[in-house]
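> no sequence on this one, just coordinates:
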């Protein structure tokens, strides 16, 4: 199912404010996994937080495979405005103050009968102290990466172990291939 008319209208308003995003459609394969199958959300925001030194913020959660650092993401609930979700998730996961600089991408995923979207934004850190405010996020460590390291992060994610894990309700390899997409798309958007 494509994005609703209301979400498309919201995308248009955000595009006027922050620039026209890349639009990408992706078919996912394999059994289901989180967050694709979660019923409390239809999509997620990807927070491309640029630190004052120009590097981007990446993180790894306590239960991820070793080395699976990635850009931060957070759910967009049904009926929740995308920008509201973006700012809420940045606060919960980083404690940082940010300014939205650019609407980088809308990535729509089709997985069997399920549809999911990622909305990626470039954000500049403007203040605050890097700290996880929502402990349920289970972030183990942050890392700063240069934009040109995003393809390498994508490749590491795409090569995640091919094993089932109850934490994600699926296989890490499928999850990693899904997570790799936004890194490649954001890299291309930032290179433009």
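Arrived safely, thanks for sending. Given the structure is predicted, the values throughout are model-derived calculations rather than measurements. Residues are numbered from 1 along each chain as shown.

> Can you name every helix or strand that the top helix by length along the chain contacts?
Looking only at the chain and at elements set by DSSP state H, the helix with the highest residue count is helix 172-191. In terms of contacts (3 or more CB pairs under 8 Å, 6 or more residues apart in numbering; DSSP states H and E), helix 172-191 is packed against strand 22-27, strand 41-50, strand 70-77, strand 96-111, strand 114-128, helix 150-158. No exception for glycine: its C-beta is placed from N, CA and C like everyone else's.

> State the mean pLDDT of that helix.
For helix 172-191, mean pLDDT rounds to 97.

> try stretch 133-145
If you average the pLDDT over stretch 133-145, you get 93.

> before we move on, what about stretch 27-39?
On average, the pLDDT along stretch 27-39 is 86.

> Please compute how far stretch 2-15 lies from its chain's middle.
How far stretch 2-15 lies from its chain's middle: 18 Å, per CA atoms, centre = their mean, to the nearest Å.

> What of stretch 29-40?
Its chain's C-alpha centre and that of stretch 29-40 lie 15 Å apart, by CA atoms, centre = their mean.

> Show the end-to-end separation of that stretch, please.
Stretch 29-40 stretches 22 Å from its first residue to its last (CA to CA, to the nearest Å).

> Buried residues, it. List them.
Judged by neighbour count (16 or more other CB atoms under 10 Å), stretch 29-40 contains these buried residues: 32-33, 35-36.

> Poorly predicted segments of this protein, please.
Applying pLDDT under 70 to the chain picks out residues 1.

> Adding secondary structure, write the buried residues of stretch 29-40 out as JSON lines.
Rendered in JSON lines, the data for the buried residues of stretch 29-40 read as follows (DSSP: H, G, I helix; E, B strand; the rest coil):
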{"residue": "32", "secondary structure": "coil"}
{"residue": "33", "secondary structure": "coil"}
{"residue": "35", "secondary structure": "coil"}
{"residue": "36", "secondary structure": "coil"}
